[in-house]
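1. here is a sequence with its predicted model. Questions after.
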Amino acid sequence: MIRLVEDEDYEAVRRVAEITWEHTYENLIPASTRQAFIDAAYSKKMFDVKRRESIFLAAVTGSRLIGYINVVQQEEAELAALYVLPEHQRAGWGQKLFDVGMEYVSVEKKLMTVYVEEGNAGAEAFYQKQGFLETERFTELFMETPLKTIIMKKQLHR
């Protein structure tokens, strides 16, 4: 089931973030940088901001939250996060989250952007399958760690 993230989901969302960031970025981002990011981006305060100011949906099986999507809508839509626990990947949950998330994106938005770290081949392939195209590569300083980032964009035709 895909549903809106609720206040009582805080601990489960943070757990999914910690596990998926370890699994996804273990060889791309140093452990100390990953932990500093999780502590900042997944604080209770930031969780509340995401719930209030963006599209924030959860994938739930049984009573267990196993993934989430977060889309920010400003001038264009930005897919800020899409994570599914490793043991539930390749079972359609990412696709379900993406599809339902797209239903919430304002029809006024004509473009969606996602940032993917170079070396995250699974995410890059998933987004290409969704119709995203690479538009730029650059090196950014992420919490004092240089990362090679790919910008991918998708035209929204609705």
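-> Great, that's in hand.

2. can you show me the strands along this structure?
-> For the chain, the strands defined by DSSP state E cover 2-4, 55-61, 64-73, 77-84, 111-117, 133-142, 145-155.

3. tell me which residues in the second one are buried?
-> By neighbour count with 16 or more other CB atoms under 10 Å, strand 55-61 contains the buried residues I55, F56, L57, A58, A59, V60. Where you see a C-beta, it was placed from the backbone N, CA and C, and this is true even at glycine.

4. got it, and stretch 58-74?
-> Going by neighbour count (16+ other CB under 10 Å), the buried part of stretch 58-74 is A58, A59, V60, L65, I66, G67, Y68, I69, N70, V71, V72, Q73.

5. please apply the same query to stretch 130-147.
-> Q130, F132, L147.

6. out of those, who's nearest E118?
-> Nearest to E118, judged by CB to CB, of those is L147 at 7.7 Å.

7. surely Y25 and E117 touch.
-> Yes - under the contact definition of CB atoms under 8 Å, Y25 touches E117, with a separation of 6.9 Å.

8. residue closest to the middle of the chain?
-> Note on the chain: the residue nearest the mean C-alpha position is A81, at 1.2 Å, using CA atoms, centre = their mean.

9. how about E144, nearest residue that isn't a chain neighbour?
-> T33 (7.3 Å; CB to CB, 6 or more residues apart in numbering).

10. pLDDT of stretch 140-158, averaged?
-> Throughout stretch 140-158, pLDDT has a mean value of 92.

11. same check, this time on stretch 15-34
-> In this model, stretch 15-34 carries a mean pLDDT of 96.

12. ok, K154 - how many residues close by?
-> By other CB atoms under 10 Å, 19 other residues sit near K154.

13. which ones are touching T145?
-> The contact partners of T145, by CB atoms under 8 Å, 6 or more residues apart in numbering, come to I29, P30, T33.

14. most neighbours among the residues you listed, which one?
-> If you rank the contacts of T145 by neighbour count (other CB under 10 Å), I29 sits at the top with 21 neighbours.

15. how close does the residue nearest to the centre of the chain sit to H157?
-> When CB to CB, to the nearest Å is applied, the distance between A81 and H157 equals 24 Å.

16. doesn't L57 make contact with V5?
-> Yes - taking contact to mean CB under 8 Å, the distance of 6.4 Å between V5 and L57 places them in contact.

17. tell me who's in contact with the spatially closest residue to E118 that is not a sequence neighbour.
-> Computed as CB to CB, 6+ apart, the closest residue to E118 that is not its neighbour in sequence is K148, at 3.8 Å. Listed by CB under 8 Å, 6+ apart, the contact partners of K148 are E117, E118, G119, R137, F138, T139.
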